[in-house]
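Chemist: Mind looking at a prediction? Sequence and model below.
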Amino acid sequence: MKHTTLLVLGACAAATLAMAPAEQAVTPETATLSFDCGSYGAGTATLKAAQDGTAATIEVSTDAITAPVPIGANSVESTLTLSKNGSGTATFTGNSNPAIPAGGAVSTGPLNGTVATGDSLEATSLTVVVFGITAQCTATSPQDPGPFVF
C-alpha cells in the first residue's frame, strides 16, 4: 500500500510540474558592444537584459560617455534603440540611473520595453539626455556574444 501511495504522489507531482508555465528567460543575459557618441566620445558598453512576461528591461553602462560633473540619481533620460528580428525596431526608455561621479562612466536603466516570445533584439543606437544636453551614440560593432533572444 505504501509503495502505491508513493507512486500516485510522484505521478501527481510530475503532472503538476508539467502543467506549470515555463519560466521565461532572455539569452544571453549580458552582451557588450561599441558605441561612437561623436564629440562625447567612443567606447564599449555593457547591456544587461531581463524579462518578465512581455515586459523587459535593459541596463546600460558605457564608457563612451563620461560625466563632466556629478550627476544625481534618476536624472538621465535614455532611449536604447534595437533592431528587432532583423527588420523592425524596438525602443527601451527610462530615466533611472545611479548617481554618477564627475568623470564616471554613464550608467542608465533599467530601461523598459515590450517583447514577444522569440524576439531577437540587437542594439543600434543610444540617446542620452543629461541637463538638457543630448548625446547620440551609434553602435559600431555587433553585440557580443549576439542579439538578445526573448
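Modeler: Structure received.

Chemist: ok, now how distant is the nearest residue to Thr114 once chain neighbours are set aside from Thr89?
Modeler: Excluding its sequence neighbours, the residue lying closest to Thr114 (C-beta to C-beta, 6 or more residues apart in numbering) is Thr54, at 5.4 Å. For the C-beta atoms, the positions are set from N, CA and C on the backbone; glycine is no exception. To Thr89, Thr54 is 17 Å away according to C-beta to C-beta, to the nearest Å.

Chemist: The residue nearest to Thr114 - how many residues pack around it?
Modeler: For Thr54, the neighbour count with other C-beta atoms under 10 Å is 13.

Chemist: Let me see the contact set for it.
Modeler: 114-116 (C-beta atoms under 8 Å, 6 or more residues apart in numbering).

Chemist: Give the helix, strand or coil label for Glu122.
Modeler: Secondary structure, DSSP: H, G, I helix; E, B strand; the rest coil: Glu122 is strand.

Chemist: neighbours around the nearest residue to it once chain neighbours are set aside, how many?
Modeler: Once flanking residues are discounted, Glu122 sits nearest to Pro147: 4.0 Å by C-beta to C-beta, 6+ apart. Other residues near Pro147 come to 20 when the count uses other C-beta under 10 Å.

Chemist: Helix or strand: which one has the residue most central in space within the chain?
Modeler: Residue closest to the average C-alpha location in the chain (C-alpha atoms, centre = their mean): Ile58, at 1.9 Å. Following DSSP states H and E, one finds Ile58 within strand 55-66.

Chemist: Given the next helix or strand after that strand, what are its sheet partners and their directions?
Modeler: Downstream of strand 55-66, the first helix or strand assigned by DSSP H and E is strand 76-84. Strand 76-84 pairs in its sheet with strand 88-94 (antiparallel), strand 120-130 (antiparallel), by DSSP bridges.
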